[in-house]
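> no sequence on this one, just coordinates:
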């Protein structure tokens, strides 16, 4: 097929706009390919810039979240449990997140108990959603440890931002049980799929993690039943109070009529 002429490649509206000495100058195929690539890159620049802006905004929001007093308190409590188990008297600040990332094949019982308790602090529905998502994250990594996408939890994801991060015990679980660490805009599991020992260690942690989630799930289910019972009793009390109010109004009206 005929190779493109200069006017067709660089966008001349007509041949008169091309170089006067040869309006149909033939362009080498390699040059035409380069120009086409540059055009594609130029067309993609606005979208790339938008994505970069979104990522930067997510990083700022994530940093603000990490620096919040409530979250720092959570991390300080986790650091205390982890350091106590490691026999360390070091006073970890809330910024020592990487030190909380568990890359061994085991998870201490004290850490497991702390995470379960933290998850149970949530409202039953909030906790249940977080547990379900944590289970999905761990299961996906176990099934495909070489997949970087399932090992990254970015704040640009609404489900991560709204379901995982605010839930007490969720980040603690990711760090101290599954072995996640902080990334620029979220959390990520640093795992070399070619390192058989590292993969085996994760699979071992995942086995323990499932028991942690099972226990939390049972506790949250019991909490939901208790919350439902409290709501039921509150509804009954409200109905009884309404009945008493109506009866009192009727009695008062009857007294007025008799008077």
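That came through fine. Here the structure is a predicted model, which is why all the values come from computation and not from measurement.
> so who does residue 103 touch?
179, 190, 198, 201 (CB atoms under 8 Å, 6 or more residues apart in numbering). In this view, the C-beta of every residue, glycine as well, is placed from N, C-alpha and C.
> Next, it: secondary structure please.
Secondary structure assignment for residue 103 (DSSP: H, G, I helix; E, B strand; the rest coil): coil.
> pLDDT averaged over the longest helix along the chain, what's the number?
Looking across the chain with DSSP state H, the single longest helix is helix 196-258. Averaged across helix 196-258, the pLDDT comes to 88.
> Which secondary structure elements does it sit against?
Helices and strands touching helix 196-258, by 3 or more CB pairs under 8 Å, 6 or more residues apart in numbering; DSSP states H and E, are helix 109-120, helix 124-143, helix 170-173.
> what's the most buried one of those helices?
helix 170-173 (a mean of 27; mean count of other CB atoms under 10 Å).
> quick one on the thing from earlier: mind putting the helices and strands packed on helix 196-258 into TSV with mean pLDDT?
Below are the helices and strands packed on helix 196-258 laid out as TSV (pLDDT from 0 to 100):
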stretch	mean pLDDT
helix 109-120	91
helix 124-143	94
helix 170-173	92
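> possible to save the ones you listed as a markdown table with distance to residue 218?
As requested, those are exported to a markdown table (distance: least, CB to CB, whole Å):
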| stretch | distance to residue 218 |
| --- | --- |
| helix 109-120 | 10 |
| helix 124-143 | 10 |
| helix 170-173 | 16 |
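> just to revisit the earlier point, relative orientation of the longest helix of the chain and helix 124-143 in degrees?
Here helix 196-258 runs at an angle of 160 degrees relative to helix 124-143 (axes from the mean of the first three to the mean of the last three CA atoms, to 10 degrees).
> sorry, back to before: ok, which of the helices and strands packed on helix 196-258 comes nearest residue 258?
Closest to residue 258 of the helices and strands packed on helix 196-258, according to CB to CB: helix 124-143, at 51.8 Å.
> Now do that closest one against helix 109-120, angle only.
Going by the same axes, to 10 degrees, helix 124-143 makes 130 degrees with helix 109-120.
> For helix 124-143, what is the distance to the chain centroid?
10 Å (CA atoms, centre = their mean, to the nearest Å).
> any residues touching that helix, and which ones?
Residues outside helix 124-143 that contact it (CB under 8 Å, 6+ apart): 119-122, 147, 150-151, 153, 159, 163-164, 166-170, 173-174, 178, 189, 191, 202-203, 206, 209-210, 213, 216-217, 220-221, 223-224, 227.
> This completes my enquiry, with thanks.
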